[in-house]
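Undergrad: 3D model of this:
(4 chains)
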There are 2 protein chains.
Amino acid sequence: MNDRATTTLDQVARQAGVSPSTVSRILNGTAKVSDAKRARVEAAIAALNYRPNVMAQNLARGRSMTVGVVTQDIASPFYSESLKGIEAALADTGYAPLFVSGHWNEADEIERVALLVDRRVDGLIVLTGMLPDEILLETAERVPLVVTGRQLAAPRVFSLDIDHEAGAHTATLYLIGLGHRRIAHLAGVQGHPDARARLAGYRRALDDAGIAYDETLVVDAQFNEEGGVAAIEQLLERRTAFTAVFAANDQSATGARLALYRRGIAVPEQVSLVGFDDLPGSLYCTPPLTTVRQPAYQIGRTAALALLEMMDGKPAPELSLSVELVVRESACAYSQP
Amino acid sequence: MNDRATTTLDQVARQAGVSPSTVSRILNGTAKVSDAKRARVEAAIAALNYRPNVMAQNLARGRSMTVGVVTQDIASPFYSESLKGIEAALADTGYAPLFVSGHWNEADEIERVALLVDRRVDGLIVLTGMLPDEILLETAERVPLVVTGRQLAAPRVFSLDIDHEAGAHTATLYLIGLGHRRIAHLAGVQGHPDARARLAGYRRALDDAGIAYDETLVVDAQFNEEGGVAAIEQLLERRTAFTAVFAANDQSATGARLALYRRGIAVPEQVSLVGFDDLPGSLYCTPPLTTVRQPAYQIGRTAALALLEMMDGKPAPELSLSVELVVRESACAYSQP
DNA sequence: TTGATATTTGAAAGCGCTTTCAATAAACAA
DNA sequence: TTGTTTATTGAAAGCGCTTTCAAATATCAA
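TA: Below is the predicted model:
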């Protein structure tokens, strides 16, 4: 019947001939209400097509039923998988995720976090990013926090990181096992913690195999396709021989693959290629990319589940996520030319 | 000094020795306030580290400063570009986007929209999806609406669509111009409006060139990589000859490219391939994919800008977005075998 | 000066809910 | 029956802000 000018709880109460408190109790199941009244109220709700005003509920309850999620780029193929995991874990909990992007820029991130805190999010998830630990710690005093991609020990903080070093170690060792000795490494962005860890894994694998580290085989690269292209070109200019490439992430591996294609270098026949992340698209590269699988979706999901626990006042759960090498077709045994 | 237990506007007022109204006026610039008081209030705000409670503001103002965005899959490479556009357009307007996913499922979408309406979003953007027009129209009575991927004429509704038919027509004509006569079409999901329009463009191009439509060359495909793989396999089983493939979107084109690779069919030497969308990754396929560029980012951005206008009470702006063929390396002239 | 007009301020009433507290009604034991 | 205990209910006070309205003060013309 009614429509415009949304109906309020008071109207429902009046229509049903009960007090607002009673309507509220029925809505929230906060107390027993006689069947007679319940029926009248439910009829009124239906008749008026009443829907509670979430903003008002939030204010009264002092909770926003919102969790803030700081990502770097909402369109990133890697992080958007995590967002999906967060979304899935939060579905039907009453909490809605509020996604904001920091654009790999500390100032932006700080601003976004402030924005989220102002909106009184009940919890916060920070996916990697550039925020200094102190800011995170400070923020954690106002709101339960889950942070990925780093270790941060503090009350009301849950951090969730995978072992990048081990992943890189495995990948490199795999290439070595295939007979490769001259393995180039696209090392990601200088100073990025993930990049550092992956380089360390690469070096340890070489060490393990008694292969000398050759810095002419290592080149920095942006963590995107363009970075991969540029890195390969740089490598080729150096005229160092290499029979395999281990890229610090799949996007740069994809760029590398294209650059090799452009030079007429066959993958994997002439150069083997291994990535890191296992993006959804990596399965559909030509050839499908052998890579270290980072469970992005699970990371998001786990982060959200942990946050839910913390928002419930429970301690953060103990959980660990592991990386694994997924062997596809972009790397093969080295064959003496 | 103070920290825990967030400080309120009343506390600021007390500390500054003014009334809450005055503080509010300073915060919002709603009225002139004497310099003396302004200074005292600003000092108090700084001293107490006061930040307004957005929930309370929202309730009092009757606006949530939030816009709902319904997408289908937050990790979709295509739609996430649009989300990015929305995010960019909304940045620094005070509005925050609330992203929800419908998963290409009408029931889910209906539920999500209800959720957003309950949260009292000030505006709503629906990116394509399966919602029936009636529901959209009904929703538009409660909140300004922007919808992409369809035409919907109604007050407080802005619809934004690109010409899929024309795009497909251009792509197909391009292939014909290259000398191809047997052009297969991966037609997307049966019944999907975009799929229908693109098929129509394909047919019209054939018509224009006087090429008879051959239904053995057309095969349905999911709009993802797997769909492309399956479609090519199906096509190959049919044993119909073809020298080019026009895929209804880039993801299925990518799948197609992999399936061809698996069968040892070279792209573009033996089969030319054209997609639709121009996903960010399509530039890095091997070979880079020739495709019809759909300005996903612009679509999102434009949608958000239009919504801002509407939320301001202004009429929806008139705007049109165009598609264009971007020629890369996955298609080449047909050479008599 | 004085009266009229324009400015700056504060009191108080919401915004639409939740929740405490006390009153009323129902159920029980003695 | 009557006094207790327990289960339902409603009144009212918030939640933290905005905004109307009227009072208080300042400004101006005469």
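
Undergrad: In the stretch 151-300 of chain A, which residue sits nearest DNA strand C?
TA: Residue nearest to DNA strand C within the stretch 151-300 of chain A: A:R156 (21.4 Å; Cβ to the nearest atom of the strand). From N, CA and C alone the C-beta is placed, and that goes for glycine too.

Undergrad: from what I can see that residue touches A:P144, true?
TA: Yes - look at A:R156 against A:P144 with Cβ atoms under 8 Å: they come within range, at 5.0 Å.

Undergrad: More neighbours: which of the two?
TA: Set A:R156 next to A:P144 and count neighbours by other Cβ atoms under 10 Å in any protein chain shown: A:P144 wins out with 24 against 18.

Undergrad: Quick one: the strands in the stretch 201-337 of chain A, in order.
TA: Applying DSSP state E, counting those that start in this stretch to the stretch 201-337 of chain A gives strands spanning A:218-219, A:244-247, A:272-277, A:290-293, A:324-326.

Undergrad: So is the fourth one next to chain B?
TA: No - legend: contact between strand A:290-293 and chain B by Cβ under 8 Å from any Cβ of the partner chain is lacking; minimum distance shown is 14.7 Å.

Undergrad: Just the C-alpha atoms of that strand, please, in PDB.
TA: Extracted in PDB, the C-alpha atoms of strand A:290-293 (Å, rounded to 0.1, in the frame of the first residue of the first chain):
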ATOM      1  CA  THR A 290      54.200 -23.400 -14.600                       C
ATOM      2  CA  THR A 291      54.100 -21.300 -11.400                       C
ATOM      3  CA  VAL A 292      54.000 -21.200  -7.700                       C
ATOM      4  CA  ARG A 293      50.500 -21.200  -6.500                       C
END
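
Undergrad: which neighbours does that strand have in its sheet, and in what orientation?
TA: Next to strand A:290-293 in the sheet, as set by DSSP bridges, lie strand A:272-277 (parallel), strand A:324-326 (antiparallel).

Undergrad: mind listing what's buried in the shortest one?
TA: The neighbour-count check on strand A:324-326 (16 or more other Cβ atoms under 10 Å in any protein chain shown) flags A:325-326 as buried.

Undergrad: quick one: contacts of it?
TA: The contact list for strand A:324-326 (Cβ atoms under 8 Å, 6 or more residues apart in numbering or on different chains) reads A:167, A:170-171, A:174, A:278, A:290-293.

Undergrad: could you pick out which of the residues you listed are near DNA strand C?
TA: Among these, not one lies near DNA strand C by Cβ under 7 Å from any atom of the strand.

Undergrad: Of all pairs in these, which one spans the longest distance?
TA: A:Y174 and A:D278 (14.0 Å; Cβ to Cβ).

Undergrad: Can you give me every residue that contacts A:P155?
TA: By Cβ under 8 Å, 6+ apart, the contact set of A:P155 is A:A140.

Undergrad: coming back round to it: backbone phi and psi for the residue of the stretch 151-300 of chain A closest to DNA strand C, please?
TA: phi 60, psi 20 (degrees, to the nearest 10).

Undergrad: Distance of it relative to chain B?
TA: Using Cβ to the nearest Cβ, to the nearest Å, A:R156 is found at 13 Å from chain B.

Undergrad: for A:L116, same thing?
TA: From A:L116 across to chain B, the span is 9 Å (Cβ to the nearest Cβ).

Undergrad: quick one: pLDDT of that residue?
TA: Among the per-residue scores, A:L116 shows a pLDDT of 97.

Undergrad: Surely A:V126 touches A:D133?
TA: No - with contacts counted by Cβ under 8 Å, A:V126 stays clear of A:D133, the gap being 10.9 Å.

Undergrad: More neighbours: these two, which one.
TA: Using other Cβ under 10 Å, the more surrounded residue of A:V126 and A:D133 is A:V126, with 29 against 13.

Undergrad: So the more buried one belongs to a helix, correct?
TA: No - in this structure, A:V126 is strand, not part of a helix, as judged by DSSP: H, G, I helix; E, B strand; the rest coil.

Undergrad: picking that back up, can you put the strands paired with strand A:290-293 in CSV and add mean pLDDT?
TA: Shown next, in CSV, are these (pLDDT from 0 to 100):
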stretch, mean pLDDT
strand A:272-277, 98
strand A:324-326, 97
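
Undergrad: want to try TSV for the ones you listed, with distance to A:A140 as columns?
TA: TSV is the format used below for the strands paired with strand A:290-293 (distance: least, Cβ to Cβ, whole Å):
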stretch	distance to A:A140
strand A:272-277	28
strand A:324-326	31
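
Undergrad: residue boundaries of the strands in the stretch 51-200 of chain A?
TA: Using DSSP E, counting those that start in this stretch, strands in the stretch 51-200 of chain A cover A:66-71, A:96-101, A:123-127, A:145-148, A:157-160, A:183-186.

Undergrad: which one of those strands is the most hemmed in?
TA: Mean neighbour count (mean count of other Cβ atoms under 10 Å in any protein chain shown) peaks for strand A:183-186 among these, with a mean of 29.

Undergrad: ok now that strand, how far from the chain's centre?
TA: 25 Å (Cα atoms, centre = their mean, to the nearest Å).

Undergrad: That one: partners in the sheet, and parallel or antiparallel?
TA: Sheet pairing for strand A:183-186, using DSSP bridges, gives strand A:218-219 (parallel), strand A:244-247 (parallel).

Undergrad: Dump it to PDB, restricted to CA.
TA: Extracted C-alpha coordinates of strand A:183-186, given in PDB (Å, rounded to 0.1, in the frame of the first residue of the first chain):
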ATOM      1  CA  ILE A 183      68.400 -19.400 -14.700                       C
ATOM      2  CA  ALA A 184      67.500 -15.800 -15.000                       C
ATOM      3  CA  HIS A 185      65.400 -14.100 -12.300                       C
ATOM      4  CA  LEU A 186      62.900 -11.200 -12.900                       C
END
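
Undergrad: Can you tell me what sits against that strand?
TA: A:172, A:175-176, A:199, A:202, A:206, A:217-221, A:227-228, A:231-232, A:235, A:240, A:242-248, A:252-253, A:256.

Undergrad: And for stretch A:197-216?
TA: Taking Cβ under 8 Å, 6+ apart as the rule, stretch A:197-216 contacts A:163-173, A:176, A:181-183, A:185, A:187-188, A:218, A:238, A:240, A:246, A:248, A:276.
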